[in-house]
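Asker: Build me a model from this:
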Amino acid sequence: MKKLLATLALGLTLGFGVFGAASVATAQTAPAAVSAPAAATPAEAKPADAAAPATAPSAAPAAAEAAPVLVPNKGDTAWMMVSTILVILMVIPGLALFYGGLVRSKNMLSVLMQVVVTFSMITVLWFIYGYSLAFTEGNAYIGGFDRLFMKGIWDNVGGTFANAATFSKGVVIPEISFAAFQATFAGITCALIVGAFAERIKFSAVLAFMVLWFTFSYLPVAHMVWFWMGPDAYASKEVADEMTSKAGLLWQWGALDFAGGTVVHINAAVAGLVGAFMVGKRVGYGREAMAPHSLTLTMVGASLLWVGWFGFNAGSALEANGFAALAFVNTLVATAGAVLAWCVGEALMRGKASMLGAASGAVAGLVAITPAAGNVGIGGGLIIGLVAGFACLWGVNGLKKMLGADDSLDVFGVHGVGGIVGALLTGVFNSPALGGPSAVGDWVTVTMITPDAYSIAAQVWTQAKAVLLTIVWSGLVSVVAFKIVDLTIGLRVTEEEEREGLDISSHGESAYHG
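Answerer: Alright, predicted model coming up:
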């Protein structure tokens, strides 16, 4: 218990130590937070209902010239809260049960603990400093401190909550609803990593690593991909270039990532792979049986992941509109296609399709469609799912053997390979010539890129650059973070503790009795 408390204290100290200027006074501006790429912006964007402020008769001319007060649509707000709940369902219990069923029974509770506590810790850090560094104006790589401790969310004088931009001009949502939604993304991203080094890492080491990685990898990548000034900032052509220059680096490049192919899946997968190498292989790996102890729980977890993923992807539209519906349908179709592809591939390889394969195929399809969900047509979504099913099957077999790492629960083989496949194919099937919705070419007029002007090669190259930058960034941060933890806390439990099982040795309890 003392070690756990010391680790949490160390984590908070490290988090604040880097950004020690917490008391720096900054301008109170409402950030135009964004979760999906340009293609998620409806061309038919319409203004939200506006409430005219009460003014004295003599002030009528000034009031007429004032900008309308934007009021969030109650349907959009409700959808964002429902989507947030669905993403929480993905993690607790979805991911926890999916991972838990895949490990040996003596390590079941350790995995559940790592997922639940990691998610909880990252949620706390998100509202302390994470949201501010990811979704406020700073530079091309990281945000600022405008929302440190969520300051400025509530205006006591005006009696109003701050709003966040969506992808339609004149349409906003409460900023606290956006912050809560994005908190779940940060939490699940970090929780995904634990599957790569399950069954042999210290619990305290997991928490210390997550604080470092969240601060120096997740937050910068999220800012680079998703932060921009919002559609209403593009008031005229004269300010368009200036507004774009204030966005995150990958947004400036034009990279498309609807719900986290780079930010979530590739980012986490690279960290997991680095961890698998640096923590080392499990005792007896390759010589002793390490079969999943409950494929039933894994199936339950995969099912909850699929259900929750509708909030993950469709919620990233930030509005209850046609693009949310497109992301919803693609999440259904691509995942179903990936399940079938994995089962066919497995049957061809081994003569039989397995339940584990079907569940893994579902996750592979969900991962691959994440960056493409609202960026491609339904036909493109199905193709992405089919390709991902076969690609990730190779990832957990052929590629895993080539790499030689003990990636316990195939984090890189599914999330890394699936994320890369999805990110690259988004550039292909976003093309209107292939049934995609295209991307916004002019934010001042909200005009989409025409089929003749859309270049698949150029967009795929942009996607590839985003993938490569994410791999390098996450890889470097992960190496340094794991090394720091190894030198200060140590990464692995002892061989005796590992053989006994982490449930007993790390937590003093067992998942099963009798």
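
Asker: All the strands of this protein, residue numbers only.
Answerer: Under the criterion DSSP state E, the chain carries strands at the ranges 154-155, 160-161, 163-165, 172-174, 440-442, 447-448.

Asker: least trustworthy helix or strand in the protein by mean pLDDT?
Answerer: Sorting the helices and strands of the chain by mean pLDDT, DSSP states H and E puts helix 60-65 at the bottom, at a mean of 44.

Asker: right, so the strands of the chain: which one is the most enclosed?
Answerer: Ranked by mean neighbour count, the strands of the chain are led by strand 163-165 with a mean of 25 (mean count of other CB atoms under 10 Å). Heads up, the C-betas are built off the backbone N, CA and C, glycines and all.

Asker: give the contact list for the most centrally placed residue in the chain.
Answerer: Residue closest to the average C-alpha location in the chain (CA atoms, centre = their mean): Val264, at 3.3 Å. The contact partners of Val264, by CB atoms under 8 Å, 6 or more residues apart in numbering, come to 185, 188-189, 192, 370, 419.

Asker: hmm, try it at 6 Å
Answerer: Contacts were defined as CB atoms under 6 Å, 6 or more residues apart in numbering; by that measure Val264 touches Thr189.

Asker: Tell me the pLDDT of it.
Answerer: Taken from the predicted model, the pLDDT recorded for Val264 is 98.

Asker: Switch the strands of the chain over to JSON lines; also include mean pLDDT and distance to Gly365.
Answerer: Putting the strands of the chain into JSON lines (pLDDT from 0 to 100; distance: least, CB to CB, whole Å) gives the following:
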{"stretch": "strand 154-155", "mean pLDDT": "91", "distance to Gly365": "40"}
{"stretch": "strand 160-161", "mean pLDDT": "94", "distance to Gly365": "37"}
{"stretch": "strand 163-165", "mean pLDDT": "97", "distance to Gly365": "30"}
{"stretch": "strand 172-174", "mean pLDDT": "97", "distance to Gly365": "28"}
{"stretch": "strand 440-442", "mean pLDDT": "95", "distance to Gly365": "27"}
{"stretch": "strand 447-448", "mean pLDDT": "96", "distance to Gly365": "27"}
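
Asker: Indicate which one of those strands is closest to Met243.
Answerer: Using CB to CB as the measure, strand 163-165 is the one of those that comes nearest Met243, at 11.4 Å.

Asker: and that closest one, which strands flank it?
Answerer: Strands flanking strand 163-165 in the sheet, each with its direction: strand 172-174 (antiparallel) (DSSP bridges).

Asker: next one: the partner strand to chain centre, how far?
Answerer: When distances are taken as CA atoms, centre = their mean, to the nearest Å, strand 172-174 is centred 20 Å away from the chain's centroid.

Asker: who touches that strand?
Answerer: Counting by CB under 6 Å, 6+ apart, 70, 72, 76-77, 80, 161, 163-164 sit against strand 172-174.

Asker: quick one: which of those is nearest Ser120?
Answerer: Ser120 lies nearest to Met80 out of these, by CB to CB, at 21.1 Å.

Asker: Serialize the contacts of strand 172-174 to a markdown table and add fields for distance to Val485.
Answerer: Conversion of the contacts of strand 172-174 to a markdown table gives the following (distance: CB to CB, whole Å):
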| residue | distance to Val485 |
| --- | --- |
| Leu70 | 45 |
| Pro72 | 42 |
| Asp76 | 41 |
| Thr77 | 40 |
| Met80 | 35 |
| Phe161 | 39 |
| Asn163 | 39 |
| Ala164 | 34 |
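
Asker: For Ala235, see how far away the residue nearest to the centre of the chain is.
Answerer: Val264 sits at a distance of 32 Å from Ala235 (criterion: CB to CB, to the nearest Å).

Asker: do Ala196 as well
Answerer: Distance check for Ala196 against Ala235: by CB to CB, it reads 46 Å.

Asker: So for those two, which sits in the more crowded spot?
Answerer: Here Ala196 and Ala235 are set side by side on neighbour count (other CB atoms under 10 Å), and the busier one is Ala196, at 29 against 13.

Asker: How about the more buried one, nearest residue that isn't a chain neighbour?
Answerer: The shortest distance from Ala196 to any residue that is not its chain neighbour, by CB to CB, 6 or more residues apart in numbering, is 3.0 Å, and that residue is Gly272.

Asker: residue contacts, that neighbour?
Answerer: For Gly272, counting by CB under 6 Å, 6+ apart, the contacting residues are 193, 196, 411-412.

Asker: Quick check: the gap between it and Gly398.
Answerer: When CB to CB is applied, the distance between Gly272 and Gly398 equals 18 Å.

Asker: Likewise for Glu496?
Answerer: Here Glu496 is placed at a distance of 35 Å from Gly398 (CB to CB).

Asker: pLDDT value on Val157, please?
Answerer: On pLDDT, Val157 comes in at 86.

Asker: cool, and the one 5 residues further on?
Answerer: Listed pLDDT for Ala162 reads 96.

Asker: what's the burial count for the nearest residue to Gly422 once chain neighbours are set aside?
Answerer: With CB to CB, 6+ apart as the criterion, Gly422 has its nearest non-adjacent residue at 3.6 Å, and that residue is Ala368. The burial count assigned to Ala368 is 37, neighbours taken as other CB under 10 Å.
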